[in-house]
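> Following is a predicted model, sequence given first.
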Amino acid sequence: MPTRLQHVTRRLLTPLAALLGVLALTAATTATPVYKGTGWKAFTSVGVYSLSPDPYVIVFANATARTKLSKYFTVPAAQVTTSVGVKVTVSTTLDTTPVGTCPARHRIVVHYVYRPTGQSGISQARPCHANANGSAWGGHILMDNEYWTKPNWFSTNPTTNDNRRKNASTHELGHILGLDHPNTDVDKDGKVENSECVKTATGLKPIMCGPNRGNTSTADSGRFTTQYDIPGLRQMLRNYTLRQT
């Protein structure tokens, strides 16, 4: 049976500068479960320790959500399918499971709502986990419709504005699949701050770095980073088997 987890809210802010990143820990190097690596962190604080190898499906709370949001999940869903090995499908199915209730196993219900937390500009992930093994069950993603209904919400540049919508959607999907914010004290000032995360030589940060707008170049927007987020998801998948032994 699933367990409802604490709500996760994210305000999307511009990333700050950080140190040169290194490749994250890969699943193949571990013999025991690992819940944190360079640029990624498992969402253990809400009970998610692993990612199931069984398929997940993205569904929509209503026709408006499907029309507005389905295209924003196709790229990250395909990326997890091909690069992690867990099939994630964006369907046309409508699912009216209430936000306060976990949906069917491995369903991710996407909502298009105004200020889901009551605060401006904040979207929300509401993950569930399987009681038996702590794996990602599914849950609800509540996208703040202000990103679409308010002109130039993120940027006056239409391309940048839409890239940030893609990043926001992928970021929330990452929470449902079991990734937390991997922020760390890069500048060694004794504080872990907003958008303070490792980055690559080209300035690429984990899309899960929070709270942030992700990577806004067209080539990288709406994608889990191959240096950080993808190795984390691969380890989460490996954790599923390692936690059974």
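Happy to help now that I have it.

> for Leu237, helix, strand, or coil?
Look at Leu237: counting by DSSP: H, G, I helix; E, B strand; the rest coil, its state is helix.

> any idea how far it lies from Thr81?
Distance of Leu237 to Thr81, given as CB to CB, to the nearest Å: 12 Å. For glycine as for every other residue, the C-beta is placed from the backbone atoms N, C-alpha and C.

> of these two, who's got more company?
Ranked by neighbour count (other CB atoms under 10 Å), Leu237 and Thr81 place Leu237 first, with 23 against 15.

> Quick check: the more buried one vs Ala42, distance?
11 Å.

> Mind listing the shared neighbours of those two?
Shared contacts of Leu237 and Ala42, defined by CB atoms under 8 Å, 6 or more residues apart in numbering, comprise Ser50.

> Spatially central residue in this structure, please.
Gly174 (1.8 Å; CA atoms, centre = their mean).

> how about that one, secondary structure?
With three-state DSSP as the criterion, Gly174 reads helix.

> I'd say it and Phe224 touch.
Yes - under the criterion of CB atoms under 8 Å, Gly174 makes contact with Phe224 at 6.6 Å.

> Give the residues shared as contacts by the two.
Pro76, Ile207, Met208, Leu233.

> need the contact list for the closest residue to Thr96 other than its chain neighbours.
Leaving aside its chain neighbours, Thr96 sits nearest to Ala61 (6.8 Å; criterion: CB to CB, 6 or more residues apart in numbering). Contacts for Ala61 (CB under 8 Å, 6+ apart) come out as Leu94, Asp95, Thr96, Val109, Val110, His111, Tyr112.

> can you pull the contacts of the nearest residue to Asn215 once chain neighbours are set aside?
Leaving aside its sequence neighbours, Asn215 sits nearest to Leu204 (CB to CB, 6+ apart; 5.6 Å). Residues near Leu204 by CB under 8 Å, 6+ apart: Gly21, Asn215, Asp220, Thr225, Gln227.

> Out of those residues, which one has the lowest pLDDT?
Of all the contacts of Leu204, Gly21 has the smallest pLDDT value, namely 35.

> Contact partners for Pro2?
Counting by CB under 8 Å, 6+ apart, Pro2 touches Cys102, Arg105, Cys128, His129, Ala130, Asn131, Trp137, Gly138.

> what do you get if the cut-off is 6 Å, keeping everything else the same?
Cys102, Cys128, Trp137 (CB atoms under 6 Å, 6 or more residues apart in numbering).

> Which members of those residues are positioned in strands?
Using DSSP state E, the subset of these located in strands is Cys128, Trp137.

> can you pick the most crowded of the contacts of Pro2?
Within these, Trp137 tops the neighbour count with 28 neighbours, counted by other CB under 10 Å.

> My read is that that residue contacts Asn131, right?
No - applying CB atoms under 6 Å as the test, Trp137 and Asn131 come out as separate, 8.9 Å apart.

> Would you report the backbone torsion angles of Val46?
As for Val46, its main-chain torsions (degrees, to the nearest 10) stand at phi -120, psi 20.

> Under a three-state scheme, what state does Ala125 occupy?
strand.

> Residue numbering should commence at 754 henceforth.
With 754 as the first residue, the last one maps to Ala878.

> From Met961, how far out is the nearest residue to it once chain neighbours are set aside?
With CB to CB, 6+ apart as the criterion, Ala878 has its nearest non-adjacent residue at 3.7 Å, and that residue is His928. Distance of His928 to Met961, computed by CB to CB: 8 Å.

> what about the strands in the chain?
Under DSSP E, the chain gives strands at 755-757, 761-764, 789-790, 793-794, 809-813, 841-847, 860-866, 875-883, 889-897.

> where's the residue nearest to Arg868 when sequence neighbours are not counted relative to Leu926, distance?
Residue nearest to Arg868 in three dimensions, not counting chain neighbours: Asp897, with 5.9 Å by CB to CB, 6+ apart. According to CB to CB, Asp897 stands 15 Å off from Leu926.
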